[in-house]
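Q: prediction below, plus the sequence it came from.
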Amino acid sequence: MYAGELAYVWTRDPGLAPITAAIGVSGGVLLLYGLLFRADDVMPWPIVLLGIAYAIPLFVRGSGIDEGAPLVGAGLLLCSELAAWSFDERWRITAERAVVVARGTAVALLVLAALGASGLVLALAAAPIGGGLAWTALGAAAAVLVVGLAARLGR
């Protein structure tokens, strides 16, 4: 998964490929180290480094919308979830098949929901909609609703 994301980042801007590849490959080495030596405290850094490598061409090219952003985000989420799952598998306790299926289903649904939400945000960001007070109020209400839902689900 990580290699596929890295390949996409590497091919986006050939002029920046040495920099983005170096950052992404260093993250891949950290991921491999974390998985081989069961160092789960290293886990966030490969995702962060690949995210930085993805963002560099966006900043260099200037403003604009990258149509691949939802796929990159979903891929990073899937990579981190699978790595976290592999860290959980290091214990000698064998999970029942139903638990493994439920976790796999939850991860798949989480990634699909993230892909759908980010695709919707991308579509709305690309839409030529005028500004104004009504849109600002609607955006603020949506932000409050999302924070409220997250707080309620976090209990």
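A: Looks like it came in fine.

Q: report the secondary structure state of residue 94.
A: At residue 94 the chain is in coil, as set by DSSP: H, G, I helix; E, B strand; the rest coil.

Q: likewise for residue 91?
A: Assigned by three-state DSSP, the conformation of residue 91 is coil.

Q: how many neighbours does it have?
A: By the criterion of other C-beta atoms under 10 Å, residue 91 has 8 neighbours. Heads up, the C-betas are built off the backbone N, CA and C, glycines and all.

Q: now swap in residue 34 and tell me
A: Neighbours of residue 34 using other C-beta under 10 Å come to 20.

Q: in contact with residue 12, which residues?
A: 20, 54, 57 (C-beta atoms under 8 Å, 6 or more residues apart in numbering).

Q: quick one: pLDDT of it?
A: Turning to residue 12, the model gives it a pLDDT of 83.

Q: try residue 92
A: As predicted, residue 92 sits at a pLDDT of 73.

Q: what of residue 106?
A: Here the pLDDT value assigned to residue 106 is 91.

Q: how far out from the middle of the chain is the helix ranked longest in the chain?
A: Looking across the chain with DSSP state H, the single longest helix is helix 97-126. From the chain centre to the centre of helix 97-126 is a distance of 11 Å (C-alpha atoms, centre = their mean, to the nearest Å).

Q: got the buried residues for it?
A: 107, 111, 114, 115, 118, 119, 122 (16 or more other C-beta atoms under 10 Å).

Q: restricting to C-alpha, output the helix or strand encompassing residue 8 in CSV.
A: Per DSSP states H and E, residue 8 falls inside helix 2-12. The C-alpha trace of helix 2-12 is given here as CSV (Å, rounded to 0.1, in the frame of the first residue of the first chain):
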residue,chain,number,x,y,z
TYR,A,2,2.8,2.4,1.0
ALA,A,3,4.7,1.6,-2.2
GLY,A,4,1.6,2.4,-4.4
GLU,A,5,1.2,5.8,-2.6
LEU,A,6,4.9,6.5,-3.0
ALA,A,7,4.8,5.7,-6.7
TYR,A,8,1.9,8.1,-7.2
VAL,A,9,3.7,10.8,-5.3
TRP,A,10,6.9,10.2,-7.2
THR,A,11,5.3,10.5,-10.7
ARG,A,12,3.3,13.6,-10.0
